[in-house]
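Fold the following, please.
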Amino acid sequence: MALEDAARHRTDAGISNLIKFYGESLLSSRGVIRQRVASDYAELLKAELIIAEDNHGPAFCQLRSAYNGGIDPQNWKRMDDLLDAETLAMLTTP
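Numbering: from 1, shown residues only. This next block holds a predicted model:
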């Protein structure tokens, strides 16, 4: 629904809230990010990379920041399993 709102109504409030939720889940000290949440985050990131010409949309920037900011290794592994090699290379290259 957030993607639909962004496309049809030109509002990014839903996307912004989703990205915030995903970031908090990824950096949470309560344990490993749930598989469904990680999968949805990866799908949002992939969609963003298709749409964004510069490959630096908010989901991408947040995940890159989390990776460089000490993301829990188990959470990184979960995301790593969901992303392709090209995307991972972009995330880990300064």
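
helices or strands up against the longest helix belonging to the chain?
Ranked by number of residues, the top helix in the chain under DSSP state H is helix 35-51. Counting by 3 or more C-beta pairs under 8 Å, 6 or more residues apart in numbering; DSSP states H and E, the packing neighbours recorded for helix 35-51 are helix 13-27, helix 58-68, helix 73-82, helix 85-92. C-beta here means a position set from N, CA and C on the backbone, and glycine is covered the same way.

chain center to it: distance?
Computed by C-alpha atoms, centre = their mean, to the nearest Å, the separation of helix 35-51 from the middle of its chain amounts to 6 Å.

Could you export it as CSV, CA atoms only?
As requested, the backbone C-alpha atoms of helix 35-51 are provided in CSV (Å, rounded to 0.1, in the frame of the first residue of the first chain):
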residue,chain,number,x,y,z
GLN,A,35,12.5,-13.5,8.0
ARG,A,36,9.3,-12.0,6.7
VAL,A,37,10.4,-8.5,7.6
ALA,A,38,13.9,-9.0,6.1
SER,A,39,12.3,-10.4,2.9
ASP,A,40,9.9,-7.4,2.6
TYR,A,41,12.8,-5.0,3.2
ALA,A,42,14.9,-6.7,0.5
GLU,A,43,12.0,-6.5,-1.9
LEU,A,44,11.6,-2.8,-1.2
LEU,A,45,15.3,-2.3,-1.7
LYS,A,46,15.2,-4.1,-5.0
ALA,A,47,12.2,-2.0,-6.2
GLU,A,48,13.9,1.1,-5.1
LEU,A,49,17.1,0.2,-7.1
ILE,A,50,15.0,-0.3,-10.2
ILE,A,51,13.3,3.1,-9.8
